[in-house]
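Enquirer: coordinates only, no sequence provided:
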């Protein structure tokens, strides 16, 4: 009996132990789950804190908001202690954003409970932009009970986006419309004039001898003159008129409701606004005048492209007589023929862009000592529909005049990057036109595209002409610096054709100087050119710049250039442009 009782007690103890152990395991599991949940919540809280976001939970029934996350966000509000209710949040918003959020709250049929909203707010230091990303949570009766989500300060992002948007439509230096945007406005004015049977006019005003101001006072002072001239022109216009900067020293002006007989008086008013008083600059007082060309619309041109072209023709006539001139476009058989040819080329360019008929001819740039090709310059060609090839000189000037060159230069960049991806052992050089080099928004888009393809950047060289580089010096200096930071090399093409100093080249941070072929052709028989090239090469070496001699046409020229210390040669003698070099076939 005792033994049986002992066994029963032992069994009870065992069963009790099992029950106790199971209870202990349940508690342990519950505790571990709690710890895991706490850990996950803590990780989320740290992530939100690191992202500088504030989590909010807005209960609509009592209008109470509970915040968590980045404490700095609440400090945006002038009275952060008040931002504990939906009413305070709504009061912080502008009217439009408040109406949008209230509409989201009142919505009865909800397809997607999540939403995003950006709105401006007033802060202690001025203003900011806030982004709200949230979800609407339904309660009984399918009405919205709570809104939960995150908010963050997106002011810096909005500033960057606004900046890019501004550069896409505005000239960065003067603040006026850029050429593309001005042309759009001109198209609308012409269409409106045709529909309403009214007239308008397009004027181009060019600052006389701006290059002389550049050389005499420096680029900063020339910029002062540009800004002041644009401001004076703008102040002399009516609110219905439009002004934009179309090129380095040129402004385009659209004058509404303008009779043909009024054009001369308007041009005189514009010219007088600039010449009447000297311009105050950082270097003192500078005198400036403008020459003006104009076209009466829509009689003088049926499209904006045509109007701009004809105004340019008129200004060339105005400038032929010296400073402060004025001329109105007048039809002539010779000019009409040239215009039609230009328009035909423009149509060919647009069609070639659409049909991928722009191609490269690759010319080798060879080492002066080994005579081996080290990289290749991509020379643009247009393949006509009949299979013949047009060189860049046959269509690029027209593209620049008609504002198409930005599209062409973009395609050149895309084509070069594609080839670099496909041929990892090849180095390529591409050219940027002078018109594009002065367009800040285009330069920014160029940099963005290179950044997206950074893995091939170190095998790409960008060539800027000397005149283009000095035309918008400060902007190009920033452009070159950012490209080099991404691994690109930069060369100054046709060096010697303009007035760039080696000090400017050093400020531009370029890698290579390409000697203008006009100094290389016939070098062996020209002592003056020999002195120029030898001096240029010596200066380049002092500034640690590589040199490339263009238009090398004979062995004697090559040997003489090598003796001067030139690093690379380029020219028909060493390799003609080739649409299909051997490396491309591999």
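Expert: Thanks, I have it. Note that the structure is predicted; figures quoted are calculated from it, not measured. Numbering: from 1, shown residues only.

Enquirer: mean confidence score for the helix or strand hosting residue 417?
Expert: In the assignment (DSSP states H and E), residue 417 maps to helix 405-422. Averaged over helix 405-422, pLDDT sits at 93.

Enquirer: ok, and what's touching the next helix or strand after that helix?
Expert: Next in sequence after helix 405-422, counting helices and strands by DSSP H and E, comes strand 428-432. Residues outside strand 428-432 that contact it (CB atoms under 8 Å, 6 or more residues apart in numbering): 362, 365, 375-378, 380, 409, 412-413, 416, 419-420, 446, 459-465, 468, 491, 493. Heads up, the C-betas are built off the backbone N, CA and C, glycines and all.

Enquirer: any regions of the stretch 251-400 of the chain where pLDDT drops low?
Expert: 332-333, 335-336 (pLDDT under 70).

Enquirer: where do the strands sit along it?
Expert: Ranges of strands within the stretch 251-400 of the chain are 279-281, 284-286, 290-297, 326-328, 358-367, 373-383, 389-391, based on DSSP state E, counting those that start in this stretch.

Enquirer: just those: most buried one?
Expert: Mean neighbours per residue, mean count of other CB atoms under 10 Å, is largest over those for strand 290-297, with a mean of 27.

Enquirer: from the contact counts, what lies against that strand?
Expert: Where contact means 3 or more CB pairs under 8 Å, 6 or more residues apart in numbering; DSSP states H and E, strand 290-297 is packed against helix 179-196, strand 200-207, helix 263-275, helix 304-319, strand 326-328.

Enquirer: tell me the angle of that strand relative to helix 263-275?
Expert: Strand 290-297 and helix 263-275 are oriented at 150 degrees to each other (axes from the mean of the first three to the mean of the last three CA atoms, to 10 degrees).

Enquirer: ok so, going back, the helix holding residue 417: how far from the chain's middle?
Expert: Remark: helix 405-422 is offset 15 Å from the chain centroid, using CA atoms, centre = their mean, to the nearest Å.

Enquirer: and it, what does it pack onto?
Expert: Counting by 3+ CB pairs under 8 Å, 6+ apart, helix 405-422 packs on helix 333-354, strand 358-367, strand 373-383, helix 392-401, strand 428-432, helix 434-437, helix 440-452, strand 460-465.

Enquirer: what does that helix contact?
Expert: Residues outside helix 405-422 that contact it (CB under 8 Å, 6+ apart) are 180, 349, 353, 358, 360, 378, 380, 396, 399, 426, 428, 430-433, 435-436, 439, 442, 445-446, 449-450, 453, 456, 459-460, 584.

Enquirer: then stretch 571-582?
Expert: Against stretch 571-582 from outside (CB under 8 Å, 6+ apart): 359-364, 366, 371, 373, 376, 379, 381, 389, 517, 520, 549-555, 557-558.

Enquirer: and stretch 166-185, by the same measure?
Expert: By CB under 8 Å, 6+ apart, stretch 166-185 touches 223, 226-227, 230-231, 234, 242-247, 251-252, 254, 304-305, 308, 403, 406, 439-441, 444, 475.

Enquirer: report the distance from that stretch to the chain centre.
Expert: Taking CA atoms, centre = their mean, one finds stretch 166-185 lying 12 Å from the centre of the chain it belongs to.

Enquirer: from now on call the first residue 871
Expert: Okay, using 871 as the starting number, the last item reads as stretch 1036-1055.

Enquirer: domains of this protein: list them as residue ranges, please.
Expert: What automatic domain parsing lists as the domains of the chain is 871-914, 923-1024, 1036-1201, 1229-1259+1273-1455.

Enquirer: and these, which one is worst for confidence?
Expert: Lowest mean pLDDT of these: domain 871-914, a mean of 50.

Enquirer: secondary structure element holding residue 1357?
Expert: Here residue 1357 is assigned to no helix or strand, by DSSP H and E.

Enquirer: so how far is residue 1385 from the nearest residue to it once chain neighbours are set aside?
Expert: If the residues on either side of it in the chain are set aside, residue 1357 comes closest to residue 1328, at 3.7 Å by CB to CB, 6 or more residues apart in numbering. Distance, residue 1328 to residue 1385, by CB to CB, to the nearest Å: 24 Å.

Enquirer: these two: which has the busier surroundings?
Expert: Using other CB atoms under 10 Å as the criterion, residue 1328 and residue 1385 rank with residue 1385 on top: 30 against 13.

Enquirer: let me see the contact set for the more buried one.
Expert: Residue 1385 is in contact with 1365, 1366, 1403, 1406, 1407, 1417, 1418, 1419, 1420, 1436, counting by CB under 8 Å, 6+ apart.

Enquirer: repeat that for residue 1182.
Expert: If you count contacts by CB under 8 Å, 6+ apart, residue 1182 has them with 1074, 1163, 1271.

Enquirer: same check, this time on residue 1019
Expert: 925, 926, 1002, 1003, 1004, 1005.

Enquirer: just grab the bridge partners of the fifth one for me.
Expert: Just to be clear, that refers to residue 1004. Beta bridges link residue 1004 to residue 985, residue 1019, judged by DSSP bridges.

Enquirer: my guess is it contacts residue 985. True?
Expert: Yes - if you go by CB atoms under 8 Å, residue 1004 and residue 985 touch, sitting 6.3 Å apart.

Enquirer: who has more neighbours out of the two?
Expert: residue 1004 (21 against 17).

Enquirer: buried ones in stretch 1011-1031?
Expert: Of the residues in stretch 1011-1031, 1014, 1017, 1019, 1020, 1021, 1022, 1023, 1025, 1028 count as buried by neighbour count, 16 or more other CB atoms under 10 Å.

Enquirer: coming back round to it: including distance to residue 1194, could the contacts of residue 1019 go into a markdown table?
Expert: Shown next, in a markdown table, are the contacts of residue 1019 (distance: CB to CB, whole Å):
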| residue | distance to residue 1194 |
| --- | --- |
| 925 | 66 |
| 926 | 64 |
| 1002 | 58 |
| 1003 | 59 |
| 1004 | 63 |
| 1005 | 67 |
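
Enquirer: looking at these, which is nearest residue 1133?
Expert: residue 1002 (53.7 Å; CB to CB).

Enquirer: mind checking the SS state of the closest one?
Expert: strand (DSSP: H, G, I helix; E, B strand; the rest coil).

Enquirer: show me what contacts it?
Expert: Counting by CB under 8 Å, 6+ apart, residue 1002 makes contact with 971, 986, 987, 988, 989, 1019, 1020, 1021.

Enquirer: any chance of those in TSV, plus distance to residue 1043?
Expert: Listed next are the contacts of residue 1002 as TSV, based on distance: CB to CB, whole Å:
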residue	distance to residue 1043
971	40
986	36
987	36
988	30
989	32
1019	42
1020	40
1021	37
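
Enquirer: wait, which of those residues is closest to residue 1151?
Expert: Nearest to residue 1151 among these, with distances taken as CB to CB, is residue 988, at 41.1 Å.

Enquirer: pretty sure the closest one contacts residue 1023?
Expert: No - under the criterion of CB under 8 Å, residue 988 makes no contact with residue 1023, lying 11.0 Å away.

Enquirer: shared neighbours of those two, anything?
Expert: 999, 1000.

Enquirer: what residues does the host helix or strand of residue 1407 touch?
Expert: In this structure, residue 1407 sits in helix 1397-1412 according to DSSP H and E. Identification of contacts with helix 1397-1412 by CB under 8 Å, 6+ apart yields 1365-1366, 1372, 1383, 1385, 1389-1390, 1392-1393, 1416-1417, 1419, 1430-1431, 1434-1436.
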